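In: I'd like to go over a predicted model; first the sequence, then the structure.
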Amino acid sequence: MAFSISKQVLFDALQKVYPIIPLKSSLQILSNFKLCYHNDQLEITATDLDQSMQIITRVAGDNEGFDVTANARKLFDIVRELPDGMVTIFVEDNVINFDTDKEFKCKIAGADTGAFPGFPEIGEGISFEISSVMLKNMIPKSSFAAAKDESRACLAGILWESFPSKTGMVATDGHRLGSCFITGNFPVQDKISSIISPKSLNHLVRIIGEKNSENIQIKINEKYILFAAGSFLLCTKLIDGPYPDYSKVIPANNPKEAIIDRASLLNAVRRAMVLSNQKTHLVKFIFSENMLEVIVVNKEIGGEAKEKIAIEYRGDGHQIGFNAQYFNEIIDIARTPKIKLNMNTQISACLIYPVYEKEEEKISDDLFLLMPLRIMEM
């Protein structure tokens, strides 16, 4: 019941699975990793019941296998501190033994796997694949806007919509909205909508973050969504819907339009935000012909900041206030050299779009929305 593996390979695998372990749980077994070694293959599994993850790694070992669970935190710490090089792992009576090629040995008591929850069975469902590049593009552009209040379960999730010719993600907390759609051919007869935990999707981004473009296999049924690629499986329970009709908050009439250098605007708002109110982070925008003035006045500390930026502007003079933190978060995510703002009144939502220098650089249709703040006298 022994196999050998590089310390770094083992640690990299544990790093990917470890974030699934719940910080607190009434079930002690959920604090454990499940390790299964059979046929020169090591499977490491973790679950919090809402999401489950499995990493599969090829190893060199004998013909006898084992199944054991062990405290995830202790196992993670042990492997992290092992000396670099090869390590041989063997199990006797549910005790996991580590024998390195640097004369260091240690062991940790494990437990039987009988009480460990099984990996969810998806069964029948809709299957398709999407490139990791597209997923890494869609998820950050929507997840930032998901509600942090878990009592609003639907809004705390990310809506993933798929149509025969496009797929994309949307999230909103009522104050801001982020959406990203890509075009393509998808094996769906009609629209499919699933609400997914941001925790799972953001963890997926971290897993595939260092890899080049590869296809991620997706399988969805009424209860779960499964992501699979290469050596990992990530399955997460869907959030019960329905999701609110987000299209109703997107204004159709926006006669005022500004095109602004993104870096200049980001820096101007960041400088002004230092002096903004610590609760509202209110920053005031004054638009005039080819000019934007960014203003912050904080009477509580006697602070004031003003900065003018040259812009392209179409429409009547306009004043509007925003939460500076929310605004900068959006334009930081946009990433294009310029952004476009479409507005109407001081109390109607502002639409924010990335502006691409070349059409071929555009890989998705992105829309961000931010509700304004009431402008007090400045």
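Out: Perfect, I can see it now.

In: burial count for the residue nearest to residue 284 when sequence neighbours are not counted?
Out: Nearest non-adjacent residue to residue 284, counting by Cβ to Cβ, 6 or more residues apart in numbering: residue 295, 4.4 Å away. In this view, the C-beta of every residue, glycine as well, is placed from N, C-alpha and C. Neighbourhood size, residue 295 [other Cβ atoms under 10 Å]: 19.

In: Next one: residue 295 from residue 332, what distance?
Out: Note on residue 295: its distance to residue 332, by Cβ to Cβ, to the nearest Å, is 21 Å.

In: ditto for residue 218
Out: As judged by Cβ to Cβ, residue 218 and residue 332 stand 28 Å apart.

In: contacting residues for residue 47?
Out: Residues near residue 47 by Cβ atoms under 8 Å, 6 or more residues apart in numbering: 20, 30, 53, 116-117, 119.

In: Now for those, which sits with the most neighbours around it?
Out: residue 53 leads these on contacts (other Cβ under 10 Å) with 26 neighbours.

In: A helix includes that one, no?
Out: No: read with DSSP: H, G, I helix; E, B strand; the rest coil, residue 53 is strand and lies in no helix.

In: Could I get the buried residue list for stretch 344-352?
Out: For stretch 344-352, the buried set under the neighbour-count rule, 16 or more other Cβ atoms under 10 Å, comprises 344, 349-352.

In: likewise stretch 281-301?
Out: 281-287, 292, 294-298.

In: avg pLDDT for it?
Out: Averaged over stretch 281-301, pLDDT sits at 94.

In: chain center to it: distance?
Out: 32 Å (Cα atoms, centre = their mean, to the nearest Å).

In: and if you look at stretch 133-147?
Out: Worked out by Cα atoms, centre = their mean, stretch 133-147 lies 6 Å from the chain centre.

In: same check, this time on stretch 357-377
Out: 19 Å.

In: again, but for stretch 181-189
Out: Relative to the chain's own centre, stretch 181-189 is displaced by 21 Å; criterion: Cα atoms, centre = their mean.

In: Residues touching that stretch, excluding its own?
Out: Contacts for stretch 181-189 (Cβ under 8 Å, 6+ apart): 126-128, 130, 134, 137-138, 161-168, 363-366.

In: Now the buried members of these.
Out: 126, 128, 130, 134, 137-138, 161-163, 167-168, 364, 366.

In: So which of the residues you listed sit within helices?
Out: Among the buried ones among the contacts of stretch 181-189, the residues falling in helices (DSSP state H) are 134, 137-138.

In: So which of the buried residues of stretch 344-352 sit within helices?
Out: Among these, no member falls in helices (DSSP H).

In: can you tell me which of the residues you listed are in strands?
Out: Using DSSP state E, the members of those that fall within strands are 350-352.

In: Enumerate every residue touching residue 191.
Out: By Cβ under 8 Å, 6+ apart, the contact list for residue 191 reads 161-163.

In: Out of those residues, which is nearest to residue 15?
Out: residue 162 (30.7 Å; Cβ to Cβ).

In: Which parts of the stretch 51-200 of the chain are helices?
Out: 72-81, 132-138, 140-143, 198-208 (DSSP state H, counting those that start in this stretch).

In: average model confidence for the third one?
Out: For helix 140-143, mean pLDDT is 96.

In: Can you tell me what sits against that helix?
Out: By Cβ under 8 Å, 6+ apart, helix 140-143 touches 158, 169-171, 178-180, 198, 201-202, 205, 333, 364, 366, 368.
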